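Trainee: Predicted structure and sequence below. I'll ask about it afterward.
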Amino acid sequence: MAVEENVRMNGVNRLRRIDSQNSLDKICLGSETLAMHAQQLEPVHLSRIDPAHNMRRFYCLTVQPTLFGGASLIRNWGRIGTRGQTMMETFDCQDEAAQALVRLERTKIRRGYRETGCGVV
């Protein structure tokens, strides 16, 4: 028995010959990704180096959107050259996360951290 290309798949209104061309992921991915990138804040990269105390630390802060419309503040810190530790705080809106990022950045600068280049620690 020959199988026709126009037979419905699993009772869903999709045809085999066009199923791979019609993916919801392809349609949604472009528009959602652009909107999400426009909302993101620039990451903050700080470092503190004091050879007298054998201190070589980094601190990174990033705000990223969540799947449910909120925002997460992601902190990464540790000794330069290691993976360090990561902590994530979730907020209801991006403004709250941005305020927390600014507050933490000010605190770290007061403690001797200095801003480094784009991702270079």
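Mentor: On my side now, so go ahead.
Trainee: can I assume Ser72 sits in a strand?
Mentor: Yes: counting by DSSP: H, G, I helix; E, B strand; the rest coil, Ser72 is found in a strand.
Trainee: Which parts of this structure are strands?
Mentor: 8-9, 12-15, 44-50, 55-65, 71-79, 85-91, 114-115 (DSSP state E).
Trainee: could those strands go into a markdown table alongside mean neighbour count and mean pLDDT?
Mentor: For glycine as for every other residue, the C-beta is placed from the backbone atoms N, C-alpha and C. Listed next are the strands of the chain as a markdown table, based on neighbours: other C-beta atoms under 10 Å; pLDDT from 0 to 100:
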| stretch | mean neighbour count | mean pLDDT |
| --- | --- | --- |
| strand 8-9 | 10 | 48 |
| strand 12-15 | 10 | 50 |
| strand 44-50 | 18 | 96 |
| strand 55-65 | 19 | 96 |
| strand 71-79 | 18 | 97 |
| strand 85-91 | 12 | 97 |
| strand 114-115 | 11 | 95 |
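Trainee: would you turn those strands into a markdown table with distance to Val102?
Mentor: What follows is these, written out as a markdown table (distance: least, C-beta to C-beta, whole Å):
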| stretch | distance to Val102 |
| --- | --- |
| strand 8-9 | 52 |
| strand 12-15 | 49 |
| strand 44-50 | 9 |
| strand 55-65 | 9 |
| strand 71-79 | 10 |
| strand 85-91 | 13 |
| strand 114-115 | 13 |
